[in-house]
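J.: Pasted the sequence and its predicted model underneath.
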Amino acid sequence: MSTAVLERVTLAVDCMGGDHGPSVTLPACRAFLEAHPEAHLILVGKAEVLASAAGWPRCTVVAATEVVEMDDPVEVALRRKKDSSLRVAVSQVKVGENGRAAAQACVSAGNTGALMAVSRYVLKTLEGIDRPAIASVMPNERDGYTTVLDLGANVDCSADHLLQFAVMGSALVAAVEGKDNPSVGLLNIGEEAIKGSETIKQAGELLRAAAASGHLNFHGNVEGNDIFKGTTDIVVCDGFVGNVALKTAEGLASMLSNFIKQEFTRNVFTKLAALVALPVLNHFKARVDHRRYNGAALLGLRGLVFKSHGSADAFAFQTALNRAYDAARNRLLDRVHDRILETLAAMPAPSAEPQTEPPALAASR
């Protein structure tokens, strides 16, 4: 498949999703269009709510009559609310009978479990992928990002799944960050190959085999602190561990910011010190601001879907739009497809997985 950059990219946006809905998504979409004069948007939501956007340039409004609430069970979103803004937005990415899709990527701040379930049902998974994964970035000491997956879509993973996550993560980083051979680390309780559960040990063997065949740049086992050291470009883990790591990092960043604020506001002298240190404090705040890292990719589907934090403000939601735009423009879907086929063709056949309903999703909304 061609990996040339797309000149024109259309994003489908679920404008009703998230804690704040259109009060956040519409301003973010307007700012995104101003920053990307070549981009197009398909805004999906209730007609009366999106009436104000009807005259926007390079913008199409698609009506949906239902909304998936943040506390709706997955089965409600999947089976009952078939005309929800979330489902209609995801459907814009599905390739039709003419061989084309209305949009190259979808962005939603809605219920994570519902978004994953609906996306998997509507779009299906790529050949060679058993389960989609959620991938996002965390800041590291090298003034860059570490891509981590899975962040909550799959609580229990086999060694084969972890190999697939590594391949998909490599394609993501190669497409969006321009790194042709990104390094991959397997999250473990130690760097030694003999440590970890049997699943982790088996995954390590598969990753080393993929590296030996030249299909993966496997660094080896890494620990939790390596995420923030920037030891590898990508860190692979199951969804339970990944989601705990993500929420721990967000909580720690928030706590440190609050501690610093408390110390600088204790008395008049510390407040004066804060004025002197204001440029440094603002730079620190920007580096740990989770809004700058918003926008997680749902990898392994036959279409690009990006998940924004449900509590995102307009700045954070625009960041998610930017990530989806960059991924679509750099043909991430084609790159994932090609890497998966090349890598898995060189690997032993994966163990069969029982055909059951997908497990409950662990990611937060």
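T.: Looks like it came in fine. Numbers count the residues shown, from 1 in each chain.

J.: Wasn't R323 part of a strand?
T.: No - per DSSP: H, G, I helix; E, B strand; the rest coil, R323 lies outside any strand segment and is helix.

J.: Can you show me the helices along the stretch 201-350 of the chain?
T.: Along the stretch 201-350 of the chain, counting by DSSP state H, counting those that start in this stretch, helices occupy 224-229, 239-264, 268-288, 314-329, 332-345.

J.: isn't T343 right up against L216?
T.: Yes - counting by CB atoms under 8 Å, T343 does reach L216; the two are 6.5 Å apart. For glycine as for every other residue, the C-beta is placed from the backbone atoms N, C-alpha and C.

J.: Tell me where the stretch 101-250 of the chain has strands.
T.: 105-108, 133-139, 145-149, 183-187, 217-222, 234-236 (DSSP state E, counting those that start in this stretch).

J.: Which residue would you name as the spatial centre of this structure?
T.: For the chain, A296 is the residue whose C-alpha lies nearest the centre (CA atoms, centre = their mean; 1.5 Å).

J.: That one: what's it in contact with?
T.: I134, A135, S136, L151, F306, K307, S308 (CB atoms under 8 Å, 6 or more residues apart in numbering).

J.: if we go to 7 Å?
T.: I134, A135, S136, L151, F306, K307 (CB atoms under 7 Å, 6 or more residues apart in numbering).

J.: Confirm that D71 lies within a helix, as I assumed.
T.: No - counting by three-state DSSP, one finds D71 to be coil, located in no helix.

J.: Show the pLDDT at it.
T.: Looking at D71, its pLDDT reads 90.

J.: burial of it, as a residue count?
T.: Residues lying near D71 (other CB atoms under 10 Å) number 8.

J.: Also H290?
T.: Residue neighbour count, defined by other CB under 10 Å, stands at 18 for H290.

J.: so P139 sits right up against R287, yeah?
T.: Yes - at 6.2 Å, P139 and R287 qualify as touching, with contact defined as CB atoms under 7 Å.

J.: Looking at the two, which one has more neighbours?
T.: Using other CB under 10 Å as the criterion, P139 and R287 rank with P139 on top: 20 against 11.

J.: what residues are up against the more buried one?
T.: The neighbours of P139, taking CB under 7 Å, 6+ apart as the test, are Y145, R287, V288, Y293.

J.: thinking again about what came up before, between T343 and L216, what contacts are shared?
T.: V167, A210.

J.: residue ranges with poor pLDDT in the stretch 1-150 of the chain?
T.: The model of the stretch 1-150 of the chain has pLDDT under 70 over residues 1-4.

J.: Quote the end-to-end distance of stretch 291-301.
T.: Taking CA to CA, to the nearest Å, the first and last residues of stretch 291-301 lie 25 Å apart.

J.: actually stretch 222-235, sorry about that
T.: The straight-line separation of the ends of stretch 222-235 (CA to CA) is 8 Å.

J.: Show me which positions of that stretch end up buried.
T.: Judged by neighbour count (16 or more other CB atoms under 10 Å), stretch 222-235 contains these buried residues: V222, E223, G224, D226, I227, G230, T231, T232, D233, I234, V235.

J.: With that, I have no additional questions.
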